[in-house]
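J.: need coordinates for the following:
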Amino acid sequence: MNFVEVLRGIGNVAFVMAIAGAVAYVGDRVGHQVGRKRMTLYGIRPRYTSTIVAIATGMIIALVVTLVAIFASNEVKTAFFKLNSINQQISELQAREHDLETKVNSGKLVLPVDTLMVPFYHPISRNATPGERLGAIKAFYEDAVKYVNENYVRIGLKPYQKPPDADKTLELYSNDLVSKLLQSDVLLTITSDQNLFENDQIHFQINATADVRFYTKGQPIAQVTITGKHGANANLALYELLNFVSASARRLGLPRFLADNVVPLQLMPAAPQMQQMISKPGNYVLTAFAAADFYPHVGGIPVVVVLTPQP
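T.: This next block holds a predicted model:
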């Protein structure tokens, strides 16, 4: 609890005390005036009538203040009418958090989030009719369900269960693709939408990736500067460079499973010669160039890695 929250709490308590004092004062004054005028209520003695009026006045004022607070503040409305529901949600979230902590600490991770779950994709043409598009999505979905249930149950996951509104969800997904298809064809792929631990039920999500050219052949994608010296390691520099290529691809919007699939087709010079070069004093630049025009349907990102002395 921070200082601001403490001050807010003190202020709320003071406000409630002030309201209570005002209600008591007004009720007392009204009761006093009724008593002085010796008014009676249904034949009740004036002294008791003034007490009843004072109490009723305080109750009415408290009711009016409460109603004003409820209509003026969503927080007050929640506190009056939804507190039990919120407490239940908090209990459920705490139980879920405990289950997740148990899984992370002692569970067996089968599939990390954003892992490619099926080894095939499905292209959707930008010229496809709405019926063709929906039919392709449904067919891809059915193939994916069959594949994950055949291959992941055997390694510890529970079978995927189709939700009752699956057809409606796929129709909405098909409609959402229209904006992407205005620009290019798309590729549908299946990835895990959460970390899946042993005995978890299978979940997945359908991804739509624009099948456009992300890199042109010969385009430099990423660079690493190496200070040449005894002990410099070409393999570590290459590892860092490929990570930079992956980061560049993710910034362009490629999903992780594609962005992390970097394929070095050629090293110039070869790895032993690279190691010899950077063992000598000087500065060197390790550059990854696109080995070919890269589209998502290609799969991995092909690169040529070149080591050159820095001018």
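J.: pLDDT below threshold where in the chain?
T.: Where the chain drops to pLDDT under 70, the residues are 1-54, 57-58, 61, 69-70, 75-77, 79-83, 96, 98-106.
J.: and with 80 instead?
T.: Flagging of the chain using pLDDT under 80 yields the residue ranges 1-107, 311.
J.: which residues in the stretch 51-200 of the chain form strands?
T.: For the stretch 51-200 of the chain, applying DSSP state E, counting those that start in this stretch gives strands covering 109-111, 122-124, 186-191, 196-197.
J.: can you convert these into a markdown table and add a column each for mean neighbour count?
T.: The C-beta positions use only the backbone N, C-alpha and C, and glycine is treated the same way. What follows is these, written out as a markdown table (neighbours: other Cβ atoms under 10 Å):
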| stretch | mean neighbour count |
| --- | --- |
| strand 109-111 | 18 |
| strand 122-124 | 18 |
| strand 186-191 | 21 |
| strand 196-197 | 22 |
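J.: which of these sits closest to Y239?
T.: Ranking these by distance to Y239, with Cβ to Cβ as the measure, places strand 109-111 first at 23.1 Å.
J.: the closest one pairs with which strands?
T.: Strand 109-111 has these partner strands in its sheet, going by DSSP bridges: strand 196-197 (antiparallel).
J.: what's next to the partner strand, contact-wise?
T.: With Cβ atoms under 8 Å, 6 or more residues apart in numbering as the contact definition, strand 196-197 has outside contacts at 103, 107-111, 157, 202-203.
J.: which one among those gets closest to P163?
T.: Each of these was checked against P163 using Cβ to Cβ; the closest is H203, at 10.5 Å.
J.: tally of neighbours for that closest one?
T.: 15 (other Cβ atoms under 10 Å).
J.: which residues does it contact?
T.: Here H203 is in contact with 160, 192-194, 196 (Cβ under 8 Å, 6+ apart).
J.: could you list the domains of this structure?
T.: 3-81, 111-210, 220-309 (automatic domain parsing).
J.: can you show me the helices along the stretch 151-300 of the chain?
T.: Listed in chain order, the helices of the stretch 151-300 of the chain (DSSP state H, counting those that start in this stretch) span residues 166-176, 178-181, 234-251, 256-259, 271-278.
J.: and these: which comes nearest G228?
T.: Comparing the helices of the stretch 151-300 of the chain by their distance to G228 (Cβ to Cβ), the top pick is helix 271-278, with 4.8 Å.
J.: list the buried residues for the closest one?
T.: The neighbour-count criterion (16 or more other Cβ atoms under 10 Å) identifies 274-275, 277-278 as the buried residues of helix 271-278.
J.: quick one: contacts of stretch 273-289?
T.: The set of residues external to stretch 273-289 that reach it, using Cβ under 8 Å, 6+ apart, is 218-230, 232-234, 237-238, 241-242, 244-245, 262, 264, 267, 269, 303-310.
J.: go on, stretch 147-155?
T.: Under the criterion Cβ under 8 Å, 6+ apart, external residues in contact with stretch 147-155 comprise 110-111, 117-118, 120, 159-160, 190, 202, 204.
J.: so how far is that stretch off the chain centroid?
T.: Remark: stretch 147-155 is offset 26 Å from the chain centroid, using Cα atoms, centre = their mean, to the nearest Å.
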